[in-house]
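> need a 3D model of the following:
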Amino acid sequence: MSIGGEQRRLAAGEAPGLRHREIALMFSGGVDSTATAVQLAQSYDKVHLLTYANGYGHYGFNRTARRVRELNRKLDNRFVFQLISTHEHFNRMLVDSVSKDYGAYGSAFVWCMGCKLTMHLRSALYCLENGLVFMSDGSNSDTSEMVEQSLLSLSLIRFFYEDHGIEFGAPVYEVSREESRRLIEEMGLRLGVQIMDRQVAIQPTCIAGELYYMPYLLLNKRVKHEEARVGEFIRTKTRLAGELLQQQLQERGLKLDELLKQRRAELSSPE
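A predicted model of the protein is given here:
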């Protein structure tokens, strides 16, 4: 599914030119990613909204598409939307080794973190294939109890992007969720139904994630994660992500080293 434009179709072995006035955003249509999209639209000519389906208990993607249409109506069609399957990448990143990983790290965080890292792998690939220099997501400190939105996770993920010539940020990390709600309400966008501190029915649902974070959602009991193990997991999986990314580019007739050299040369030259 796509909205608002088509991806560039390149011949095998053809590297894209850089698009300095465009940015990609990992997007669900929830409060934080919507507030991020609105903020980015003030600074960039086009925002690529990327939503991912891993094929394991994700549903409700029509909610995201509806949000994109709302945003395009309000903000002059500044958004391109892509719903992208990560099923095969997720299998290779985690599912094929999930029992081993659970045994090694002793926690079910590996599922959620593995899924998010797969999204980052696919986002980096999208940026490289489409000449995008900037990547972002809607991570927020108000939801830092989620392992994939902790400062440790974001710091290590930023290194992964830097290694691939992409600048990564989380623009609303220090923006309160209440402030984002007000922004969305003032723009006349849907807020869904509020249950405790969450807005539901405006973004896809992940059954595995809901189950893992249920103690926090219902009892305000944070799921504890040992930072050393989380860091080790992320470092291990981002190395694998780099290998998979390189393989994908090779299938397109592109060599990662040459592509990065070209991107850095273009970035260093005057516009």
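
> buried ones in the one helix or strand residue 116 maps to?
Here residue 116, judged by DSSP states H and E, is contained in helix 109-130. Counting neighbours by 16 or more other C-beta atoms under 10 Å, one finds that the buried residues in helix 109-130 are 109-130. For the C-beta atoms, the positions are set from N, CA and C on the backbone; glycine is no exception.

> try stretch 138-147
Of the residues in stretch 138-147, those scored as buried under the neighbour-count criterion (16+ other C-beta under 10 Å) are 138-140, 142-147.

> ok, of those residues, which one's closest to residue 261?
Closest to residue 261 out of the buried residues of stretch 138-147 is residue 139 (30.4 Å), distances taken as C-beta to C-beta.

> ranges for the helices of the stretch 1-150 of the chain?
Secondary structure of the stretch 1-150 of the chain (DSSP state H, counting those that start in this stretch): helices at 31-41, 61-74, 87-93, 98-105, 109-130.

> quick one: which of those helices is nearest residue 199?
Closest among these, using C-beta to C-beta: helix 31-41, at 5.3 Å.

> show me what that closest one is packed up against.
Contact here means 3 or more C-beta pairs under 8 Å, 6 or more residues apart in numbering; DSSP states H and E; on that basis helix 31-41 packs against strand 19-26, strand 46-53, helix 61-74, strand 132-137, helix 177-186.

> please tabulate these in JSON lines, including the columns mean neighbour count.
Output for these, formatted as JSON lines (neighbours: other C-beta atoms under 10 Å):
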{"stretch": "strand 19-26", "mean neighbour count": "20"}
{"stretch": "strand 46-53", "mean neighbour count": "23"}
{"stretch": "helix 61-74", "mean neighbour count": "18"}
{"stretch": "strand 132-137", "mean neighbour count": "23"}
{"stretch": "helix 177-186", "mean neighbour count": "15"}
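
> how close does residue 15 get to residue 104?
38 Å (C-beta to C-beta, to the nearest Å).

> these two - which one has more neighbours?
Using other C-beta atoms under 10 Å as the criterion, residue 15 and residue 104 rank with residue 15 on top: 19 against 14.

> dihedrals phi and psi, that one?
Residue 15 has phi and psi values of phi -90, psi 140 when expressed as degrees, to the nearest 10.

> okay, buried residues for stretch 256-267 please.
Under 16+ other C-beta under 10 Å, the buried positions of stretch 256-267 are 256, 259, 262-263, 266.

> can I get the residues you listed in a markdown table including distance to residue 98?
Below are the buried residues of stretch 256-267 laid out as a markdown table (distance: C-beta to C-beta, whole Å):
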| residue | distance to residue 98 |
| --- | --- |
| 256 | 27 |
| 259 | 31 |
| 262 | 37 |
| 263 | 34 |
| 266 | 40 |
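
> all set now, cheers.
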